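In: everything below, folded, please.
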Amino acid sequence: MTKILFMGRKKVSAGLLEFLSAQNNIEIVGVLTDSHLQGSPTTAAAKRLGLPLYTFDTALEAMREGRLKYDLGLSILYWRKLRDEFLTVPSRGTINFHPAILPEYKGTGGYNLAILDGLSEWGISAHYVDDSIDTGDLIEVVRFPMNPDTETAQSLESRSMSVLDEFAKRLIMQAVNSGAKLPTYPNVGGTYTSRAEMEAMKEIRPGDDVDRKVRAFWFPPYDGAYVEIDGKKFTLVNRRILEAVAPKDSTSLFAGQADA
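Out: Residues are numbered from 1 along each chain as shown. Below you'll find the model as predicted:
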């Protein structure tokens with residue numbers, strides 16, 4: 001029986017939590033999620049399954065007091081940097097699933113950068129967690145094709161979550177059945193992008209490919225690529241996005257004529 005501390009957020013994490021809880025050789029000893037947000041699907045799944053919910057701090061306290069012990073940690077889009085006992089308690093380490101290609105794209109804003117950089121493929125990376133961010137040894141990277149001239153950050157995220165679901169199920173069960181840490185290779189190089197740096201990229205500046213930038217940061221309800229007028233930020237959209245979000249029964253003289 002492998003004891004797992006599950007850390008995750010978003011719908012994909014809730015689905016994986018349901019999947020893992022149904023396995024006979026796995027015990028979920030606790031769940032950390034985006035409890036700071038209302039309507040968390042992972043929180044709802046944990047409560048429905050009767051699993052213990054922890055905050056970051058209560059989990060640390062429980063580990064320090066010896067009340068929380070586990071073999072393997074799993075981070076599925078978890079939002080906190082792990083430290084201290086999170087790095088030392090699990091004998092098989094903690095596996096993080098990063099929604100970007102490593103080692104190239106560390107930190108935040110991977111979907112945005114994939115479009116801005118004009119990539120023809122994207123991917124999901126699995127690596128062991130160390131004391132920094134997205135720098136632990138790599139286990140595997142799965143890649144899939146993308147079209148940088150049509151994708152938005154929102155559409156790329158949706159496709160990535162579908163890939164992540166199947167990839168995580170396969171690799172987690174491999175880790176559980178192996179009874180030890182999985183083989184790795186170095187996670188060296190690449191560029192780290194902070195949230196502040198990503199936010200700064202959203203401003204439309206002279207010389208920008210405006211259409212590409214609009215798509216790269218289109219992810220409602222978050223602010224997208226913007227222009228600033230009289231101290232106020234205004235998010236931009238293009239014709240393709242307008243047609244995509246329009247009600248299905250709407251009529252328009254411009255329907256089907258998107259050129260971007």
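In: and stretch 124-132, what's buried?
Out: Across stretch 124-132, burial judged by 16 or more other CB atoms under 10 Å covers Ile124, Ser125, Ala126, His127, Tyr128, Val129, Asp130. Placement of C-beta: from N, CA and C, glycine included.
In: and for stretch 153-162?
Out: Within stretch 153-162, the residues that count as buried by 16+ other CB under 10 Å are Ala153, Gln154, Ser155, Leu156, Glu157, Ser160, Met161.
In: what does stretch 59-76 give?
Out: By 16+ other CB under 10 Å, the buried positions in stretch 59-76 come out as Ala59, Leu60, Ala62, Met63, Leu68, Tyr70, Asp71, Leu72, Gly73, Leu74, Ser75, Ile76.
In: nearest to Arg240, of those residues?
Out: When the buried residues of stretch 59-76 are compared for distance to Arg240 (CB to CB), Ile76 comes out closest, at 30.9 Å.
In: the residue nearest to the closest one when sequence neighbours are not counted and Ser194: what is the separation?
Out: Leaving aside its sequence neighbours, Ile76 sits nearest to Gly8 (CB to CB, 6 or more residues apart in numbering; 3.4 Å). In this view, Gly8 and Ser194 are 22 Å apart by CB to CB, to the nearest Å.
In: same question for Asn24.
Out: 42 Å.
In: which of these two has more neighbours?
Out: Between Asn24 and Ser194, counted using other CB atoms under 10 Å, the more crowded position is Ser194 (12 against 6).
In: these two touch, right, that one and Asp134?
Out: No. If you go by CB atoms under 8 Å, Ser194 and Asp134 don't touch, sitting 11.7 Å apart.
In: hey, what's in contact with both of these two?
Out: Common neighbours of Ser194 and Asp134, counting by CB atoms under 8 Å, 6 or more residues apart in numbering, are Gly107.
In: which of the buried residues of stretch 124-132 fall within strands?
Out: Among the buried residues of stretch 124-132, the members found in strands (DSSP state E) are Ile124, Ser125, Ala126, His127, Tyr128.
In: which ones are touching the last one?
Out: Translated: Tyr128. Tyr128 makes contacts with Gly93, Thr94, Ile95, Asn96, Gly136, Asp137, Ile139, Lys181, Thr184, as judged by CB under 8 Å, 6+ apart.
In: buried only: go through these for me.
Out: Gly93, Thr94, Ile95, Asn96, Gly136, Asp137, Ile139, Lys181.
In: tabulate the residues you listed (CSV), appending distance to Asp249.
Out: CSV is the format used below for those (distance: CB to CB, whole Å):
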residue, distance to Asp249
Gly93, 52
Thr94, 48
Ile95, 45
Asn96, 43
Gly136, 49
Asp137, 52
Ile139, 47
Lys181, 54
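In: nearest to Lys248, of the residues you listed?
Out: For these, the nearest to Lys248 is Asn96 (38.3 Å; CB to CB).
In: count of neighbours near Tyr78?
Out: Neighbour count of Tyr78, defined by other CB under 10 Å: 23.
In: quick one: secondary structure of the residue nearest to Pro148 when sequence neighbours are not counted?
Out: Closest residue in space to Pro148, ignoring its immediate chain neighbours: Gly118 at 4.5 Å, by CB to CB, 6+ apart. Here Gly118 is coil, with the state taken from DSSP: H, G, I helix; E, B strand; the rest coil.
In: how near is Gly118 to Gly190?
Out: As judged by CB to CB, Gly118 and Gly190 stand 17 Å apart.
In: neighbour count: those two, which is higher?
Out: Set Gly118 next to Gly190 and count neighbours by other CB under 10 Å: Gly190 wins out with 16 against 10.
In: enumerate every residue touching that one.
Out: By CB under 8 Å, 6+ apart, the residues touching Gly190 are Leu102, Pro103, Glu104, Tyr105, Lys106.
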